[in-house]
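# Mind folding the following:
(2 chains)
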Protein chains: 2
Amino acid sequence: MGKMNFLEKLDAITSKNKSLVCVGLDSDLSKIPKHLHGEKNPVLAFNKAIIEATSTIVQSYKLNLAFYEALGSIGFETMRDTLRTIPDDIVTIGDAKRGDIGNTAEMYARAIFDEAGFDAVTVAPYMGFDSVLPFVRFEAKGVFILALTSNKGARDFQYLEAAGTPLYKHVVEKVISWNQRKNCGLVVGATHPEELLEIRSMTEEIPILIPGLGAQGGDMEKSVKYGTTTGGTRALFNSSRAILYASSGSDFAEKAYEETERMRCEINSFRG
Amino acid sequence: MGKMNFLEKLDAITSKNKSLVCVGLDSDLSKIPKHLHGEKNPVLAFNKAIIEATSTIVQSYKLNLAFYEALGSIGFETMRDTLRTIPDDIVTIGDAKRGDIGNTAEMYARAIFDEAGFDAVTVAPYMGFDSVLPFVRFEAKGVFILALTSNKGARDFQYLEAAGTPLYKHVVEKVISWNQRKNCGLVVGATHPEELLEIRSMTEEIPILIPGLGAQGGDMEKSVKYGTTTGGTRALFNSSRAILYASSGSDFAEKAYEETERMRCEINSFRG
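Numbers count the residues shown, from 1 in each chain, chains lettered A, B, ... in the order given. This is a model prediction of the structure:
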């Protein structure tokens, strides 16, 4: 068998680990357990322990690039070395939310797919198709485009109605039309369950990355029932802080496992 | 005199160097002169030479972060060390186009302002106010929000009309309301001169970063007349490839100076 494309990889790990849990490795030096601060690279040591504890029960890991860029010069290596400790069959997502003109977007695509080595990326839609195309051109990679975000500020522009249709639905329609290589995805916050249902009704096949459970207060049952396909797949439920900081003691990895397993089972109980 | 805020710094250097030229240090290893490839860090050597040649006639330097991230692990240092060679009185902009939820945007703000040391940043508006606020909170720093971009894909969403007003104007209106600390700016492509005039008529004081001259074909005369204030200031005209690659020989820095000076004088000839 040749190298799998993104959707095949996503479906395979979803099935193998029976999991729709995407652990957000948004690891913050100021929040990780104190006893790790003596390590050469505390964030990397933390990530390795979390990955080792959880990799048999997750579908994917998502690294928000901001948390690595904030580390300064060791940020890139920390991110790349974290990715190298993740087993090959698990999906990795670079949560970058990039969006820029063509030649610049190409540079970002190279940085995220070639230099860092992610399986997928998140991108912002504001600048339109030519800002997304350089990512989509990597046919084996996944490209999740922001549609409706989980934060309060989503109200500022994403609900503006043009020709009777809110902006986020214009984005969904465009993404469906851009999905010729079958490697696009969408980002829809768990804080908007009704809209999630509406978006899932527009596309059965496109995977949806769903942040906003946990700290942000999204509804688990509705998000799972509305966000997954009829087969109960193609959704990635991100949780970060609730898993990473389940304990601040030396049992942090064990507690992270327990929280991940609790979330995996709860999600599975609602899957179609 | 205390430390200047962003607008004071921008006005001071605009006046001192009589320049609205923003040189885009989007330095691409594959495009810089061959004779630099033997240097320990070719991109850094290239940037230093360009800065040394042009710093008396520019208003600002803009570094697109994509070009540094594509360098992998030496990218951050190359960016930071480039910034360190820029004279203190010249404005530096991190062209990052970031946009994320609050706690993540805070991380990006720290990375760009504290770790790298830029005076200003570009951010994307799609996720709304709470994605912009963590940047704006750095009161001495400038925050340029994308309104109408220079690329073809700008047509996909930015012109969608909600309540009779295109999305980009909704963004401008919001930015005006977010500008309580007087440190917001806008990004408007030179490829849309009529819209630039319209946006400048909505705000006299907010600085506008105007990319899209040169390779992207924006109109110089209209962009200057429409984009500047009545005093002929508060605009930043970015040019990157036309300056950086004016020559591929050992005279690249000299030719970059000549192209920058040509652009500076042409812009000044149209200033009010």
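# got a list of what A:K141 touches?
By C-beta atoms under 8 Å, 6 or more residues apart in numbering or on different chains, the residues touching A:K141 are A:F6, A:F113, A:F118, A:D119, A:A120, A:V121, A:F135, A:N183. Every C-beta, even on glycine, is put in place using the N, C-alpha and C of the backbone.
# pretty sure the third one is in contact with A:D95, am I right?
No. Counting by C-beta atoms under 8 Å, A:D95 is not a contact partner of A:F118; they are 9.3 Å apart.
# Common neighbours of those two, please.
Here A:F118 and A:D95 have A:L63 as joint contacts, going by C-beta under 8 Å, 6+ apart.
# give me phi/psi at the residue positioned nearest the centre of chain A?
In chain A, the centroid-proximal residue (C-alpha atoms, centre = their mean) is A:K62; its distance is 4.7 Å. Backbone geometry at A:K62, expressed as degrees, to the nearest 10, gives phi -120, psi 130.
# nearest residue to it other than its sequence neighbours?
Closest residue to A:K62 apart from its sequence neighbours, by C-beta to C-beta, 6 or more residues apart in numbering or on different chains: A:I93 at 4.2 Å.
# Taking the contacts of A:K141, tell me the two that lie furthest apart.
A:F118 and A:N183 (13.0 Å; C-beta to C-beta).
# which residues of the stretch 51-200 of chain A fall in helices?
Remark: helices assigned in the stretch 51-200 of chain A by DSSP state H, counting those that start in this stretch are A:65-69, A:75-84, A:102-109, A:129-136, A:154-157, A:167-178, A:193-202.
# Tell me if the third one is near chain B.
Which is helix A:102-109. Yes. Judged by C-beta under 8 Å from any C-beta of the partner chain, helix A:102-109 and chain B are in contact via A:G102, A:T104, A:A105, A:M107, A:Y108.
# need the contact list for the nearest residue to the third one once chain neighbours are set aside.
Nearest-residue entry for A:A105: A:P134, 4.1 Å, with adjacent residues in sequence omitted and distances by C-beta to C-beta, 6+ apart. A:P134 makes contacts with A:G102, A:A105, A:E106, A:Y108, A:A109, as judged by C-beta under 8 Å, 6+ apart.
# which residues sit in contact with the residue in the stretch 1-150 of chain A that chain B sits nearest to?
Nearest residue of the stretch 1-150 of chain A to chain B (C-beta to the nearest C-beta) works out as A:G128 at 2.4 Å. The contact partners of A:G128, by C-beta under 8 Å, 6+ apart, come to B:N151, B:K152, B:G153, B:A154, B:R155, B:D156, B:F157, B:Q158.
# which one among the residues you listed gets closest to chain A?
Of the contacts of A:G128, the one sitting nearest to chain A (C-beta to the nearest C-beta) turns out to be B:G153, at 2.4 Å.
# Could you report the distance from the closest residue in space to that closest one that isn't next to it in sequence to B:Y126?
Among residues not flanking B:G153 along the chain, A:G128 sits closest, at 2.4 Å (C-beta to C-beta, 6+ apart). Separation of A:G128 from B:Y126 (C-beta to C-beta, to the nearest Å) stands at 12 Å.
# try A:S177
Using C-beta to C-beta, we find A:S177 at a distance of 19 Å from B:Y126.
# Looking at the two, which has the bigger crowd around it?
Between A:S177 and B:Y126, counting by other C-beta atoms under 10 Å in any protein chain shown, B:Y126 is the more crowded of the two (28 against 10).
# tell me the contacts of the nearest residue to that one once chain neighbours are set aside?
In space, and not counting its chain neighbours, B:Y126 is closest to A:Y126: 4.7 Å by C-beta to C-beta, 6+ apart. Contacts for A:Y126 (C-beta under 8 Å, 6+ apart) come out as A:G99, B:G99, B:A124, B:P125, B:Y126, B:L146, B:T149, B:F157, B:Q158.
# ok now do the nearest residue to A:L160 once chain neighbours are set aside, which residues does it touch?
With C-beta to C-beta, 6+ apart as the criterion, A:L160 has its nearest non-adjacent residue at 3.8 Å, and that residue is B:A162. Shown in contact with B:A162 (C-beta under 8 Å, 6+ apart): A:L160, A:E161, A:A162, A:L167, B:H170.
# now the strands: where do they sit in the stretch 151-272 of chain A?
With DSSP state E, counting those that start in this stretch as the criterion, the stretch 151-272 of chain A has strands at A:161-162, A:165-166, A:184-188, A:208-210, A:235-239.
# Dump these to CSV, plus mean pLDDT.
Listed next are the strands of the stretch 151-272 of chain A as CSV, based on pLDDT from 0 to 100:
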stretch, mean pLDDT
strand A:161-162, 97
strand A:165-166, 98
strand A:184-188, 98
strand A:208-210, 98
strand A:235-239, 97
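# Can you tell me which of these is nearest to A:E221?
strand A:235-239 (11.8 Å).
# list the contacts for A:A70?
Contacts of A:A70 by C-beta under 8 Å, 6+ apart are B:M107, B:Y108, B:R110, B:A111, B:E115.
# can you count the residues close to the last one?
It refers to B:E115. B:E115 has 17 neighbours, counted by other C-beta under 10 Å.
# Then the fourth one?
By the criterion of other C-beta under 10 Å, B:A111 has 26 neighbours.
# what's the answer for the second one, then?
Using other C-beta under 10 Å, the number of residues around B:Y108 comes to 27.
# Look at it and report its pLDDT.
For B:Y108, the model assigns a pLDDT of 96.
# before we move on, back to that, quick one: which of the residues of helix A:102-109 next to chain B is nearest to A:T14?
Using C-beta to C-beta, the residues of helix A:102-109 next to chain B come closest to A:T14 at A:Y108, 27.0 Å.
# Hmm, the closest one is touching A:K97, no?
No. With contact defined as C-beta under 8 Å, A:Y108 does not count as touching A:K97 (10.4 Å).
# Find me the pLDDT at A:K3, would you?
Looking at A:K3, its pLDDT reads 78.
# Sticking with it, tell me its helix or strand.
Counting by DSSP states H and E, there is no helix or strand that carries A:K3.
# Just list the residues touching A:A140, thanks.
Neighbour list for A:A140: A:K3, A:M4, A:N5, A:F6, A:N183 [criterion: C-beta under 8 Å, 6+ apart].
# I meant to write A:M4 there.
A:A12, A:A140.
# measure it to A:K182 for me?
In terms of C-beta to C-beta, A:M4 sits 12 Å off from A:K182.
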